[in-house]
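Asks: task: produce atomic coordinates for the following.
(one chain, ligands or ions: 1)
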Amino acid sequence: MDKISVEGGSRLYGRTVIGGMKNSALPVIYACLLIKDECIIENVPRVSDVENSLQILRGMGAYADFVGEHTVRIDASSVGGEIKDFPLVSKMRASSYLMGVLISRFGEAYLPMPGGCNFGARPIEQHLKGFSCLGATCSEENGLITIKAKEKLKSAKITLDKISVGATINTVLASVLVDGETVIENVAREPHVIDLINFLNACGAKIVHLGSKIAVEGVKKLHGIKYRIYPDMIESLTYMACVGVCGGEAELIGAEFSHISYVCDIFGKMGLEIKSDRERIIVKSRGNINGADVITAPYPLFPTDLHPQFAAMLCFANGGGTVTEEIFPGRFGYVAELQKMGAHIVREKNSVIISKSEMHAAELDATDLRAGAALIVASLGADGRSIVNNVGYIVRGYENIVGKISDLGGKIKFIKEI
Ligand code: UD1
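Replies: Numbers count the residues shown, from 1 in each chain. So this is what the prediction gives:
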């Protein structure tokens, strides 16, 4: 199995380019199944979740491939509604977006339960609630989901019981071509939700996002378009965490400050200096950071996808701190790994309490995507050479993490096992 080796303890100085946001590229790719025309999507990250999603679309009869370094062309004019690759669908959370697009285009969807990162139950009842309110019937048996619309879907007023990125996006995807106005309340407002809506609107949809509510005025059809994906906010924040731990100065070209101002404010209080203009964020640290207490919550508050990396940072922070997880209660796989490095980190219910620790190198196992990133953050700050196993999780969501941290001066290598 491939590994990453990290020689910790040196400061980071350099510049790297932030890629497109995985979590908006994925719904945009699936949304192309609604369009009987060619779409060109730019700034798509080369991560395995994207590659696998393109493969799923190809299996359904679409043209779906990279035609440039980060440009994808999708032509779904002649797809059928049958998914060929069930194992791939069940590997990935984002494949849940197939439900919304297939019910819209074909009036039915039959697929395995979507998978995703390994941090506990990832229910979909809010997605199904959205489809049911539009008039579909949904059932699940032996891990297989069937959604059917006997008649044409009907516009509706839908209130989601929980703020969910996936359920919000899926309900938008299912309703964009439905006659009349659908209003969805209690929606997620992450930048990736906005990116998907901007994409659909550029294709001719009529969707307005008003804070906690989305209004979708159904249109007859969508047309092809060239569209550029937002930069990845979690990738930017992960590299900022690396600088916080190591000290130094990094220029993150293409990073978007407005998407991460809440966390940047916390980083600022911890002692990081952050400057930004339209093209970049520059982050500077003396490597002597202060602690903080954070609670994960839906956007615009603290992102759950930064929880493990932030916990890794707190191991190096004066006064330590706490992270309370309010979104995914199982997201603590990284704790035992940081303990192998000497971290004083204790889990209490859905929180971790962390004290500043003498961190040393160790052999570590990534337990999921962001946990893997956290181990790299910690290894960069710890003395000695650490090995991170299970790199497959990390490449699901970080393009060329080794190259980008090397750009910043980190001593990191990819070890390919034959
Ligand atoms: C997306 C992101 C993931 C991120 C998460 C929260 C993708 C591919 N993944 O995941 O990286 O960590 O948003 O920002 O974009 N829930 C229910 N029932 C449902 C749906 C969700 O109870 O039907 C719960 C979840 O268990 C969780 C919370 O709602 O506790 C938020 O989950 P959600 O926003 O749906 O996450 P995902 O869309 O799966």
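Asks: how about the residues of the stretch 301-418 of the chain near the ligand?
Replies: Thr304, Asp305, Ile327, Phe328 (Cβ under 6 Å from any ligand atom). Every C-beta, even on glycine, is put in place using the N, C-alpha and C of the backbone.
Asks: pretty sure the last one is in a strand, no?
Replies: The one in question is Phe328. No - assigned with DSSP: H, G, I helix; E, B strand; the rest coil, Phe328 falls outside any strand and is coil.
Asks: surely it and Pro308 touch.
Replies: No - counting by Cβ atoms under 8 Å, Phe328 stays clear of Pro308, with 10.7 Å between them.
Asks: and the residues of the stretch 301-418 of the chain next to the ligand, which is closest to Gly143?
Replies: If you rank those by distance to Gly143 using Cβ to Cβ, Phe328 comes first, at 20.5 Å.
Asks: still on that earlier bit, quick one, which of Phe328 and Pro308 is more surrounded?
Replies: Shown here are Phe328 and Pro308; by other Cβ atoms under 10 Å, Pro308 has more neighbours (34 against 20).
Asks: sec struct for the more buried one, please.
Replies: Going by three-state DSSP: Pro308 is helix.
Asks: let me see the contact set for the nearest residue to it once chain neighbours are set aside.
Replies: Nearest residue to Pro308, sequence neighbours excluded (Cβ to Cβ, 6 or more residues apart in numbering): Ala374, at 3.5 Å. By Cβ atoms under 8 Å, 6 or more residues apart in numbering, the residues touching Ala374 are Pro308, Gln309, Ala311, Ala312, Tyr334, Leu338.
Asks: wait, a helix at the fourth one?
Replies: Looking back up the chat, that one is Ala312. Yes - with three-state DSSP as the criterion, Ala312 is part of a helix.
Asks: switch to numbering from 813
Replies: Right, with 813 as the first residue, what we last looked at is Ala1124.
Asks: quick one: contacts for it?
Replies: Ala1053, Val1057, Tyr1146, Leu1150, Ala1186, Leu1187, Val1189, Ala1190, Gly1193.
Asks: one more time with 7 Å
Replies: Neighbouring residues of Ala1124 by Cβ atoms under 7 Å, 6 or more residues apart in numbering: Ala1053, Leu1150, Ala1186, Val1189, Ala1190.
Asks: so for it, what's the pLDDT?
Replies: If you check Ala1124, the pLDDT there is 98.
Asks: check which residues of the strand or helix carrying Glu1149 are buried.
Replies: Counting by DSSP states H and E, the element that carries Glu1149 is helix 1146-1152. Going by neighbour count (16 or more other Cβ atoms under 10 Å), the buried part of helix 1146-1152 is Tyr1146, Val1147, Glu1149, Leu1150, Lys1152.
Asks: over to stretch 862-882?
Replies: 862, 864-866, 868-876, 882.
Asks: as CSV, the residues you listed with distance to the ligand would be great.
Replies: Listed next are the buried residues of stretch 862-882 as CSV, based on distance: Cβ to the nearest ligand atom, whole Å:
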residue, distance to the ligand
Val862, 11
Asn864, 12
Ser865, 10
Leu866, 15
Ile868, 14
Leu869, 16
Arg870, 20
Gly871, 19
Met872, 19
Gly873, 24
Ala874, 20
Tyr875, 23
Ala876, 18
His882, 19
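Asks: among those residues, which are in helices?
Replies: Of the buried residues of stretch 862-882, the ones assigned to helices by DSSP state H are Val862, Asn864, Ser865, Leu866, Ile868, Leu869, Arg870, Gly871.
Asks: perfect, I'm done here.
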